[in-house]
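[1] only geometry, no sequence info:
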């Protein structure tokens, strides 16, 4: 599958180990992996290694909608890089880089064909902003 690549990012004011742990630990993932306050992530699993899989349940708080977001890791370099393929075959890369201002986190993903690129970018960026807010509060 070859779709348009979209890149988003944030700088998290925390050390690299804290950022990595918040990104990869299911107990943390459930606290940030949603795009708006009327959604939540009631379940998450994560086997962070090449060939390992992950899954997160994203659900509306009113119980009317939910879906599973998951995939399989193709490469994991602890504290540096995570690459994976989603269930539909799209690829995602997440880069972690320590800077004087904190950890720069960049995420690139292949767009799907249903929603506009801008809608996808804003949704994924909102989740990344939730991640930043949550991790900085730890």
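    Received it, and whenever you're ready, just let me know what you need. Given the structure is predicted, the values throughout are model-derived calculations rather than measurements.
[2] What lies in contact with the helix or strand harbouring residue 44?
    Element membership for residue 44 (DSSP states H and E) is strand 39-46. Strand 39-46 is contacted by residues 24-26, 29-34, 52-61 when judged by Cβ atoms under 8 Å, 6 or more residues apart in numbering. From N, CA and C alone the C-beta is placed, and that goes for glycine too.
[3] For PyMOL, write a command that selects the buried ones of those residues.
    Only the buried entries of those go into this PyMOL selection, using 16 or more other Cβ atoms under 10 Å:
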select buried, resi 24+26+29+30+31+32+33+34+54+56+57+58+59
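[4] Among the contacts of strand 39-46, which lie within helices?
    Among the contacts of strand 39-46, the ones falling in helices (DSSP state H) are 24, 26, 29, 30, 31, 32.
[5] Return the member of the residues you listed nearest to residue 86.
    residue 29 (15.6 Å; Cβ to Cβ).
[6] I'd like the distance between that closest one and residue 115.
    Using Cβ to Cβ, to the nearest Å, residue 29 is found at 23 Å from residue 115.
[7] Show me which of the ones in helices among the contacts of strand 39-46 is closest to residue 8.
    For those, the nearest to residue 8 is residue 32 (14.5 Å; Cβ to Cβ).
[8] list the contacts for the closest residue to the closest one other than its chain neighbours?
    Sequence neighbours aside, residue 134 is the residue nearest to residue 32 in space, at 4.0 Å (criterion: Cβ to Cβ, 6 or more residues apart in numbering). By Cβ under 8 Å, 6+ apart, the contact set of residue 134 is 22, 28, 31, 32.
[9] I figured the second one hits residue 22, correct?
    In other words, residue 28. Yes - taking contacts as Cβ atoms under 8 Å, residue 28 lies within contact range of residue 22: 4.4 Å.
[10] List the backbone torsions phi and psi for residue 122.
    Dihedral angles phi and psi of residue 122 (degrees, to the nearest 10) take the values phi -70, psi -40.
[11] any idea how far it lies from residue 88?
    In terms of Cβ to Cβ, residue 122 sits 20 Å off from residue 88.
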